[in-house]
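Below is the structure, and that's it, no one-letter string:
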């Protein structure tokens with residue numbers, strides 16, 4: 001054992017032997033670290049994966065020493081315990097973990113519905129706020145959002161009774177070529193890979209057909225566009241079969257950003273990636289199903305494109321136009 005690891009073990013042992021401190025009485029920084037580990041243990045339990053020390057070290061950017069200290073504080077408070085093969089939650093710890101997970105997913109839902117915070121930052125903002133809400137405040141937030149069952153990534157939100165519904169669907173990488181489906185979940189960790197999925201416009205709720213599966217990834221027809229996902233991104237996506245209530249993507253439909261100069265079409269739908277304040281703005285501007293839309297001109301250097309919608313010229317960035325599904329058609333001259 002090195003001198004450094006000896007000191008870490010000594011610190012952890014000292015903390016374990018110290019007077020137990022209830023979670024509510026911990027200093028804010030210490031409490032956040034313990035709650036982060038409780039939520040990670042709940043994730044492991046939910047996925048049926050072992051929560052070894054090696055897996056927990058470095059979680060949430062914590063150093064190895066900080067992780068050991070947080071584990072020791074959590075164990076002393078009766079929130080978690082070492083089962084020999086790894087760490088696990090006690091009943092009290094599980095209750096605390098479920099509350100933090102419920103707060104996190106509800107906050108992300110509010111951000112998606114009511115703010116202009118980019119999707120790639122939802123996790124960061126929710127993580128900063130989840131530790132500050134009481135149980136009553138979490139329940140009031142759920143009521144204000146009409147008690148959603150899933151967050152914007154497709155993750156189930158624990159109920160106020162502490163129940164955590166089973167995850168829907170199966171891995172995209174296990175899907176059959178030629179089969180249509182619906183994306184049910186897009187994993188938001190690690191943040192760097194989730195940011196790439198957001199940049200590619202991949203969100204829960206989108207309809208797809210798997211075109212090709214390869215050893216390095218897969219190719220999809222995703223809401224009117226062909227999309228290639230490398231293995232590291234495809235492995236973060238879960239999918240399910242379409243339900244009777246899921247309308248198929250119309251043949252020939254494409255993204256508004258792919259409409260050619262001078263071409264016209266009708267709006268089919270705003271896609272799931274168009275959310276929050278931007279979705280409300282797009283609807284207010286007339287991007288509703290059935291609206292006629294014409295691509296008028298392109299600004300220089302791949303800037304915004306001008307579209308005529310209901311007699312009004314509107315400039316959209318490419319990322320905005322990618323979130324509109326349209327059905328092109330040819331107009332006849334009277």
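Yep, it's here. Note that this is a predicted model, so its numbers are computed, not measured. Numbering: from 1, shown residues only.

CA only for contacts and neighbour counts going forward, please
Noted.

list the helices and strands the lengthiest helix in the chain packs on?
Counting by DSSP state H, the longest helix found in the chain is helix 91-114. Counting contacts by 3 or more Cα pairs under 8 Å, 6 or more residues apart in numbering; DSSP states H and E, the secondary-structure elements packed against helix 91-114 are helix 28-47, helix 122-129, helix 135-144, helix 276-284.

Next, the angle helix 135-144 makes with it.
Relative orientation of helix 91-114 and helix 135-144, computed by axes from the mean of the first three to the mean of the last three Cα atoms, to 10 degrees: 40 degrees.

Helix 91-114: which residues count as buried?
Of the residues in helix 91-114, those buried by neighbour count under the rule 16 or more other Cα atoms under 10 Å are 93-113.

How about stretch 25-43?
By neighbour count on 16+ other Cα under 10 Å, the buried set for stretch 25-43 is 30-43.

Repeat that for stretch 158-166.
The neighbour-count check on stretch 158-166 (16+ other Cα under 10 Å) flags 158, 159, 160, 164 as buried.

The closest residue to the first one other than its chain neighbours: what's it in contact with?
To tie it back to what came earlier, the one meant is residue 158. Excluding the flanking residues, the one nearest residue 158 by Cα to Cα, 6 or more residues apart in numbering is residue 164, at 4.4 Å. Residue 164 is in contact with 98, 156, 157, 158, counting by Cα atoms under 8 Å, 6 or more residues apart in numbering.

Kindly provide the distance from residue 164 to residue 68.
Residue 164 is 27 Å from residue 68, where distance means Cα to Cα, to the nearest Å.

go on, residue 206?
Per Cα to Cα, residue 206 is found 41 Å from residue 68.

just residue 81 next, same as before
For residue 81, the distance to residue 68 equals 13 Å [Cα to Cα].

Which one's more surrounded, those two?
Neighbours per residue, other Cα atoms under 10 Å: of residue 81 and residue 68, the larger number sits with residue 68, 21 against 18.

and that one, what are its phi and psi?
Backbone geometry at residue 68, expressed as degrees, to the nearest 10, gives phi -60, psi -40.

Then residue 309?
According to degrees, to the nearest 10, residue 309 has phi -130, psi 120.

thinking again about what came up before, as TSV, the buried residues of stretch 25-43 with distance to residue 210 and pLDDT would be great.
Output for the buried residues of stretch 25-43, formatted as TSV (distance: Cα to Cα, whole Å; pLDDT from 0 to 100):
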residue	distance to residue 210	pLDDT
30	46	90
31	44	92
32	41	92
33	40	92
34	41	94
35	39	94
36	36	92
37	36	93
38	37	94
39	33	92
40	32	91
41	33	93
42	32	93
43	28	88
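
give the contact list for residue 279.
Contact analysis of residue 279 by Cα under 8 Å, 6+ apart lists residue 270.

right, I mislabeled it, should have said residue 31
Residue 31 makes contact with 23, 24 under the criterion Cα under 8 Å, 6+ apart.

Please determine how far it is located from residue 77.
From residue 31 to residue 77 the distance is 11 Å (Cα to Cα).

what sits in contact with each of those two?
Common neighbours of residue 31 and residue 77, counting by Cα under 8 Å, 6+ apart, are residue 23.

After the helix or strand encompassing residue 185, which helix or strand is next?
Per DSSP states H and E, residue 185 falls inside strand 180-186. Downstream of strand 180-186, the first helix or strand assigned by DSSP H and E is helix 191-199.

now the helix or strand following that next one against strand 180-186, angle please.
Note on helix 191-199: by DSSP H and E, the next helix or strand toward the C-terminus is strand 207-214. Angle of strand 207-214 versus strand 180-186, following the same axes, to 10 degrees, is 90 degrees.

Any idea how far the helix or strand following strand 207-214 is from the middle of the chain?
Counting by DSSP H and E, the next helix or strand C-terminal to strand 207-214 is strand 217-222. Distance of strand 217-222 from its chain centroid, counting by Cα atoms, centre = their mean, to the nearest Å, is 19 Å.

so what strands line up beside strand 217-222?
Applying DSSP bridges, strand 217-222 is found paired with strand 207-214 (antiparallel), strand 225-230 (antiparallel).
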